[in-house]
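> A predicted structure for the sequence below; I have some questions about it.
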Amino acid sequence: MDKMSTLEYINQMFPTEASLSGVEPLMQKIQSEIRRVDAGILAAVRQQSNSGTKAKEDLAAATHAVEELMYKIREIKTKAEQSETMVQEICRDIKKLDFAKKHITTTITALHRLTMLVSAVEQLQVMASKRQYKEAAAQLEAVNQLCSHFEAYRDIPKITELRERFKNIKQIMKSHVFSDFSSLGTGKETEETNLLQQLSDACLVVNALEPSVREELVNNFCSRELTSYEQIFEGAELAKLDKTERRYAWIKRRMRTNEEIWQIFPTSWLVPYRLCIQFCKKTRKQLEGILDNLKEKPDVATLLLALQRTLEFEDELAEKFGGGAQSRDIGNDIEEIGRGQNNSQNVSDIRKKYEKKLAAHQGNESEDKDGNNDLSVPGAGFNFRGIISSCFEPHLTVYVELEEKTLMENLEKLVQEETWDVEEGSQNNVLSSSMQLFLIIKRSLKRCSALTKNQTLFNLFKVFQRVLKAYATKLFARLPKGGTGIVAAATGMDGQIKTSDRDERVICYIVNSAEYCHKTSGELAESVSKIIDSQYADRVDMSEVQDEFSAVITKALVTLVHGLETKFDAEMAAMTRVPWGTLESVGDQSGYVNGINMILTSSIPVLGSLLSPVYFQFFLDKLASSLGPRFYTNIFKCKQISETGAQQMLLDTQAVKTILLDIPSLGHQTSGAAGYSKFVSREMSKAEALLKVILSPVDSVADTYRALLPEGTPMEFQRILELKGLKKADQQGILDDFNKGAPAISQPSSTASVGPAAPLPPAVTTALTPASALASASTVINPASVGFIASREDVLTRAAALGRGAATTGFKRFLALTEAAKDRKDGPFRKLFNA
């Protein structure tokens, strides 16, 4: 307790002067407590002193007890050793007697077995000399067991002598057995009735001998059986490919004739099975020699007949002996080719079909596994399929060449007989030549897969690729062509395609047929990859063929757009011939608008009914991206346009816009109408804006032009002033004000706008190479300014003398590329335009 706490305690005990009277009693109480604490401390010190003495006494007592315990343990150990010595002395004599008994028992047993071995060897020697095979077989087993007991005594002379004697007896028995079996098949078995029984007993002896004896006997028997076969079919008369079937007839007849005789062999020896294996190997070797020694190419019919008979024979052996079972149902895989066009089959049906096929395949694998487990004999799983027929593989080139020739001839015939029309009521609108071609290919695949599934099948698959590419070329060639030559180039008709209503239907059939071929060729590759050997499966690919058909689809759709564009030429020309500057009043829509409507009304319903929604949408996008900018450009080709004429033209523009917007419903396909409508509205709004500029007063025409057509050019603006009928002198002031108010833009405002962002068809997407993209884009070239048009026509005129296509090929593609890139806000072309 520190000083502060002490003072606080005192102040707490004596807070007032009156309380100081209690100091004395408190002091007495404290003194009494001090004395009590001192007494307790003294008692504790005394007790601790007494405890130390007692602890020393307890420790001494414990040490003494431990010493006594150790002494007793030593005493017990000594007595135990004495007891053990006594027991050993007592049992020593008993152990000697026990060892003596064990040695005597072993000796008696060995002597007894030695007596049995000597007796058995002597009996076996007598049986061997008398050819008593049945008894000798049992005796051999007994001697073998007795000899195993004397393995530890091999160095003893008597045992060595007995083993040598036994070995000689086995050699004698082996020679007797082989000698007796040499008479099998010579006709003696019919003369001596007991010969078969004797040979059957001899088989028991062979089983008792080493396994190598059985192997040697079976090999000798098979070689002897096939000696006559080699002699017969190595002769000049039968060593021919057309005699192959007689080889298999010979072995079948041999096995059927000797079936009862060969029953003397134990089943576990598999004599017929091993005989067939040797026959197949010898036959393969002879056929390889025949095929290699042919001076000319083999006759296809003879070659295929020999191969067919070989395959049938291999199947019979595989079925008989259970080796090399087929793991696939090839026919079902091939039949699936070309059935994918049935769109009514839903996803659940397809899933159920493939789950069923997977379950069946797994069931076949489990059955094969169980079957192999049941084969308790070695080698029963040998694969007979291909053991002979594989030697034909290098020589089947002539067969593939014949198939290719036949397929190409059938293709030419199908194309020549093609009517390029589809029967009424047909749902797929596919040309009959497409379906017939795949039926022919399917039959060819069936024929080849029944013969081989290796290199020849892969070579035939490459033939299928060439045939399908040739068919794609035929479809491509059937598309309508544009004008060619110097005259066409000079008149601006180079590249224009004139199509009739029948041509449009044919183009649609070609699109559908190419789509069918694109899809079916993929199914064909899938089926072949399932059938063909695994080492070729990864190389089975139809992507190049599918690209060919994709290119056909793209070209056909672009041709369709070109054809409609050509039909619009007369109406566009009629629009420029209308006297817009002298119209007195605004009336109904003009005649050229009715002409455009008639063209679309006659073509679109047919196209919509024939094309799939994806390709119809692709066609509409291409058409809109061409007709809208072309209408805009055509306004500049007109002569002077009065205010009444501009109002009439604005009415016509609205009518054309309505016609274009009604195209999806006209074709009864409105799946992508929303995006298409936005695109058409955007393109036609440019023509409306141009006409509104023409309608504006002269004093505000520049401001109106800048507001409605912000990307316009001075050259285009000058042409608008000419359309309004202003003279050159009046134009100059307005042009000066316009040039001061806005920077000059060197690019025309009318562009070949890209269509709405609708996804392209899969087949079309794969075929849009840069060249085809430029070609398709060339359909929407829309220069708007007078100077631009003049320069283009000047180039066309000058290039006309250069020959076919010189005026348009490179120039049109360049215009299309630059105009299509103009609307982009970035990139090198945009920088050029803004320079």
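Yep, that arrived.
> need the next SSE after the longest helix seen in the chain, C-terminal direction.
With secondary structure taken from DSSP state H, the chain has its longest helix at helix 23-130. Moving toward the C-terminus from helix 23-130, the next helix or strand (DSSP states H and E) is helix 133-149.
> Tell me the buried residues in that next one?
133, 135-137, 139-140, 143, 146-147 (16 or more other C-beta atoms under 10 Å). Placement of C-beta: from N, CA and C, glycine included.
> got the angle between the longest helix of the chain and helix 133-149?
Angle, helix 23-130 to helix 133-149, by axes from the mean of the first three to the mean of the last three C-alpha atoms, to 10 degrees: 140 degrees.
> so what secondary structure elements neighbour helix 23-130?
helix 133-149, helix 157-181 (3 or more C-beta pairs under 8 Å, 6 or more residues apart in numbering; DSSP states H and E).
> okay if I get those as TSV plus distance to residue 619?
Putting these into TSV (distance: least, C-beta to C-beta, whole Å) gives the following:
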stretch	distance to residue 619
helix 133-149	90
helix 157-181	85
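> Can you redo those as JSON lines, where the extra columns are distance to residue 310 and mean pLDDT?
Shown next, in JSON lines, are the helices and strands packed on helix 23-130 (distance: least, C-beta to C-beta, whole Å; pLDDT from 0 to 100):
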{"stretch": "helix 133-149", "distance to residue 310": "41", "mean pLDDT": "79"}
{"stretch": "helix 157-181", "distance to residue 310": "31", "mean pLDDT": "82"}
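> Which parts of the stretch 151-300 of the chain are helices?
If DSSP state H, counting those that start in this stretch is used as the criterion, the helices of the stretch 151-300 of the chain fall at 157-181, 188-191, 195-208, 211-233, 244-257, 271-292, 300-321.
> now swap in the stretch 451-600 of the chain and tell me
Using DSSP H, counting those that start in this stretch, helices in the stretch 451-600 of the chain cover 455-478, 486-490, 501-531, 534-537, 543-577, 591-610.
> How many neighbouring residues does residue 577 have?
When counting by other C-beta atoms under 10 Å, one arrives at 10 neighbours for residue 577.
> cool, and residue 246?
Residue 246: 13 neighbours (other C-beta under 10 Å).
> do the one 4 residues further on as well
By the other C-beta under 10 Å criterion, the neighbourhood of residue 250 contains 18 residues.
> same deal with residue 643?
16.
> between the longest helix of the chain and helix 157-181, how many degrees?
60 degrees.
> what is the mean pLDDT for helix 23-130?
Summarised as a single mean, pLDDT over helix 23-130 is 85.
> and the angle from it to helix 195-208?
140 degrees.
> shaky segments in the stretch 151-300 of the chain?
185-193, 235-237 (pLDDT under 70).
> what's stretch 153-168 in contact with?
110, 114, 117-118, 121, 124-125, 143, 147, 150 (C-beta atoms under 8 Å, 6 or more residues apart in numbering).
> Which residues are in contact with residue 277?
382, 387.
> Can you pull out the low-pLDDT segments for the stretch 351-500 of the chain?
Across the stretch 351-500 of the chain, the ranges flagged by pLDDT under 70 are 351-381, 424-427, 483-495.
> if we go to 80?
Low-confidence segments of the stretch 351-500 of the chain (pLDDT under 80): 351-383, 423-428, 482-496.
> what do you get for the stretch 551-700 of the chain?
667-674.
> Please identify the buried residues of the stretch of helix or strand residue 411 belongs to?
For residue 411, the host element (DSSP H and E) is helix 397-417. Across helix 397-417, burial judged by 16+ other C-beta under 10 Å covers 399-400, 403-404, 407, 410-411, 414-415.
> Ok, stretch 107-123 next?
113-114, 117, 120-121, 123.
> what do you get for stretch 386-394?
Buried-residue list, stretch 386-394, by 16+ other C-beta under 10 Å: 386-389, 391-393.
> Make CSV out of the buried residues of helix 397-417 and add distance to residue 466.
Listed next are these as CSV, based on distance: C-beta to C-beta, whole Å:
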residue, distance to residue 466
399, 16
400, 11
403, 11
404, 7
407, 9
410, 13
411, 10
414, 16
415, 15
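> hmm, back to that, please identify the most buried of the helices of the stretch 451-600 of the chain.
Per-stretch averages of neighbours, counted by mean count of other C-beta atoms under 10 Å, single out helix 501-531 among the helices of the stretch 451-600 of the chain, with a mean of 22.
> who does that one touch, helix- and strand-wise?
Checking 3+ C-beta pairs under 8 Å, 6+ apart, helix 501-531 ends up next to helix 330-335, helix 432-451, helix 455-478, helix 543-577, helix 591-610, helix 762-767.
> So which of the ones you listed is nearest residue 526?
helix 330-335 (8.4 Å; C-beta to C-beta).
> that older thread, which of the buried residues of helix 397-417 sits closest to residue 663?
Nearest member of these to residue 663, counting by C-beta to C-beta, is residue 415, at 33.3 Å.
> Pretty sure the closest one sits against residue 473.
No - applying C-beta atoms under 8 Å as the test, residue 415 and residue 473 come out as separate, 10.1 Å apart.
> if I look at residue 230, how far off is residue 283?
Relative to residue 283, residue 230 is positioned 10 Å away (C-beta to C-beta, to the nearest Å).
> What of residue 149?
50 Å.
> What of residue 428?
50 Å.
> more crowded one of the two?
Neighbour count, other C-beta under 10 Å: between residue 428 and residue 283, residue 283 has more, with 24 against 16.
> residue contacts, the more buried one?
The neighbours of residue 283, taking C-beta under 8 Å, 6+ apart as the test, are 247, 388.
> same thing but at 10 Å, please
226, 229-230, 233, 244, 247-248, 250-251, 310, 313, 387-388, 391 (C-beta atoms under 10 Å, 6 or more residues apart in numbering).
> roughly how far is stretch 722-731 from the heart of the chain?
Distance of stretch 722-731 from the chain centroid (C-alpha atoms, centre = their mean, to the nearest Å) equals 69 Å.
> buried set for it?
The neighbour-count check on stretch 722-731 (16+ other C-beta under 10 Å) flags 722-724, 726, 731 as buried.
> Ramachandran coordinates for the closest residue to residue 23 other than its chain neighbours?
With sequence-adjacent residues excluded and distances taken as C-beta to C-beta, 6 or more residues apart in numbering, residue 23 is closest to residue 14, at 7.2 Å. Backbone dihedrals for residue 14, given as degrees, to the nearest 10, come out at phi -130, psi 80.
> For residue 14, which residues are in contact?
By C-beta under 10 Å, 6+ apart, the residues touching residue 14 are 20-23, 26.
> Let me know which of the helices and strands packed on helix 501-531 is the nearest to residue 716.
Of those, nearest to residue 716 by C-beta to C-beta is helix 543-577, at 17.2 Å.
> that older thread, distance of the residue nearest to residue 23 relative to residue 459?
Distance from residue 14 to residue 459, by C-beta to C-beta: 128 Å.
> Following element in sequence after the helix or strand encompassing residue 656, please.
Per DSSP H and E, residue 656 falls inside helix 643-661. Next helix or strand after helix 643-661 toward the C-terminus (DSSP H and E): helix 663-666.
> picking up where we left off before, for the helices of the stretch 151-300 of the chain, give me JSON lines that also has distance to residue 659.
Compiled in JSON lines, those are given as follows (distance: least, C-beta to C-beta, whole Å):
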{"stretch": "helix 157-181", "distance to residue 659": "100"}
{"stretch": "helix 188-191", "distance to residue 659": "101"}
{"stretch": "helix 195-208", "distance to residue 659": "98"}
{"stretch": "helix 211-233", "distance to residue 659": "83"}
{"stretch": "helix 244-257", "distance to residue 659": "74"}
{"stretch": "helix 271-292", "distance to residue 659": "72"}
{"stretch": "helix 300-321", "distance to residue 659": "62"}
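> With that, I have no additional questions.
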